[in-house]
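S.K.: What follows is a predicted structure for the sequence shown.
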Amino acid sequence: MRIPASAALLAAMLLGGQQTAFAQQAEAETEASAPFTISTLETVRTRGYVICAATNPLPGFAQVSPEGLWSGFDVDLCRAIAAAVFGDPSRVEFRPLSGQSRFAHLLMGEVDLVVRNSPWTMARDTQYGATYVTTSFFDGQAFMVPDRLGVVSAYELEDVTICVTSNSDASRRLDEFFFFNQLAYKELLYEDREDLAVAYRAGECDAVTGAASWLQAIRRTMPDPGSNSILPERLSKEPYGPVVRSNDPQWEAIVRRTLYALINAEEYGVTSINIESMMSARTPAIRRLLGAEEDVGSDIGLRPTWMRDVIGSVGNYGEIYARHFGAVAGAQLLRGQNALWLNGGLMYAPPVY
């Protein structure tokens, strides 16, 4: 059947108009669903404080005292952001979030950033309207053993019983590790991760395996934390770091540069204790870090001395790590991958200029 040219033209015009209408409607719906019309920095300043979502509890990373006071490695990162924006680390509100809803709270503007809730993966970095800024803690599956076992490396684990969650990635990696290294072992499987801690405390297994951060949390709750060691080997990659909304590059830059300031401060030897004396340093990199030479804040909407305020408030990266995982904390967690690149670790930050 032949269609007259005039009829075909009319049909094309109608179809094109319909498609245009659909496109306009979709664009309008997208704009209506966008929760923000001003920047996160402007929102935070108008509100007067940063809202930070953290895991609770995860001893060493985030926990709340009976008096309602938050403390931990990730908590100090949030305080560093507050110090960058306001010059005051106390201007932050913490909210415990977990589960699949954590990214929804971030996307809807109920929190300004999320720390320490889930490791960085490509899927999480592309599917939830959220952006992982940079890595603040390199984690991974490890082993914890009692010192009485007399081992200092995972490669010494021979003919041992290991507690692990059943039907999990941790169990699969465990099988692969012992198969590749031709070591004999026995699994003691539990359905829930919390059961592993109970079994390990009761001496049901010679070792327990899981994320090093989780093992550290278990160790801190034991009667004698110092009598247990987390072995240095890692069976997986689990990088953690601050997460922000994907639609605000200025806020993303503020959070990223704040963490970089903490890392650079440790590299340059600038601490919360010597920061005033460091103001007279002649090294250009240190002077830029402390805002004594060149304005390194205006391009992201901050004052020239914002990095000085951050370091003076919470210390450098090494100070924060030692505060929560050092010997003083009662259960030392070796820096390992979280050491500076100068010391064989992965912590590295681009220079200020």
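M.R.: That came in fine, so what should we check first?
S.K.: And the pLDDT for Asp295?
M.R.: At Asp295, the pLDDT value in this model is 88.
S.K.: That one - how many residues pack around it?
M.R.: Asp295: 12 surrounding residues under other Cβ atoms under 10 Å. Heads up, the C-betas are built off the backbone N, CA and C, glycines and all.
S.K.: shift numbering so it begins at 30
M.R.: Okay, using 30 as the starting number, the last item reads as Asp324.
S.K.: how about the residue lying closest to Arg177 once chain neighbours are set aside, what does it touch?
M.R.: Counting by Cβ to Cβ, 6 or more residues apart in numbering, Arg177 lies nearest to Ser256, which is 7.6 Å off, once chain neighbours are set aside. If a contact means Cβ atoms under 8 Å, 6 or more residues apart in numbering, then Ser256 has 175-177 as its contacts.
S.K.: give me every residue that touches the residue nearest to Pro261 when sequence neighbours are not counted.
M.R.: When the adjacent residues along the chain are set aside, Pro261 lies closest to Gly365, with 5.8 Å between them (Cβ to Cβ, 6+ apart). With contacts defined as Cβ under 8 Å, 6+ apart, the neighbours of Gly365 are 167, 261, 263, 374.
S.K.: One more: Leu225?
M.R.: For Leu225, the contacting residues are 192-194, 219, 237, 239, 247, taking Cβ under 8 Å, 6+ apart as the criterion.
S.K.: what's the distance between the residue nearest to Pro261 and Arg177?
M.R.: 23 Å (Cβ to Cβ, to the nearest Å).
S.K.: What count of nearby residues applies to Ser182?
M.R.: As a burial measure, Ser182 scores 10 neighbours (other Cβ under 10 Å).
S.K.: low-scoring stretches of the stretch 130-279 of the chain, by residue?
M.R.: Low-confidence regions of the stretch 130-279 of the chain, defined by pLDDT under 70, span residues 130, 146.
S.K.: Strands of that one, residue ranges please.
M.R.: Along the stretch 130-279 of the chain, the segments classed as strands by DSSP state E, counting those that start in this stretch run 142-143, 159-161, 166-168, 170-175, 189-194, 214-219, 236-240, 257-259, 267-269, 272-274.
S.K.: Report all helices and strands that the second one contacts.
M.R.: The one in question is strand 159-161. Using 3 or more Cβ pairs under 8 Å, 6 or more residues apart in numbering; DSSP states H and E as the contact definition, the elements that strand 159-161 packs against are helix 131-136, helix 151-155, strand 272-274.
S.K.: how about a cut-off of 7 Å?
M.R.: Identification of packing neighbours for strand 159-161 by 3 or more Cβ pairs under 7 Å, 6 or more residues apart in numbering; DSSP states H and E yields helix 131-136, strand 272-274.
S.K.: For the stretch 180-329 of the chain, just list every one of the helices.
M.R.: Per DSSP state H, counting those that start in this stretch, the stretch 180-329 of the chain carries helices over the ranges 198-209, 222-230, 241-249, 278-297, 304-307, 313-318.
S.K.: Out of those, which is closest to Glu71?
M.R.: Nearest to Glu71 among the helices of the stretch 180-329 of the chain is helix 278-297; the distance by Cβ to Cβ comes to 9.3 Å.
S.K.: Quick one: end-to-end distance for stretch 144-154.
M.R.: With Cα to Cα, to the nearest Å applied, stretch 144-154 spans 14 Å between its terminal residues.
S.K.: What residues of that stretch count as buried?
M.R.: Of the residues in stretch 144-154, those buried by neighbour count under the rule 16 or more other Cβ atoms under 10 Å are 144-149, 153.
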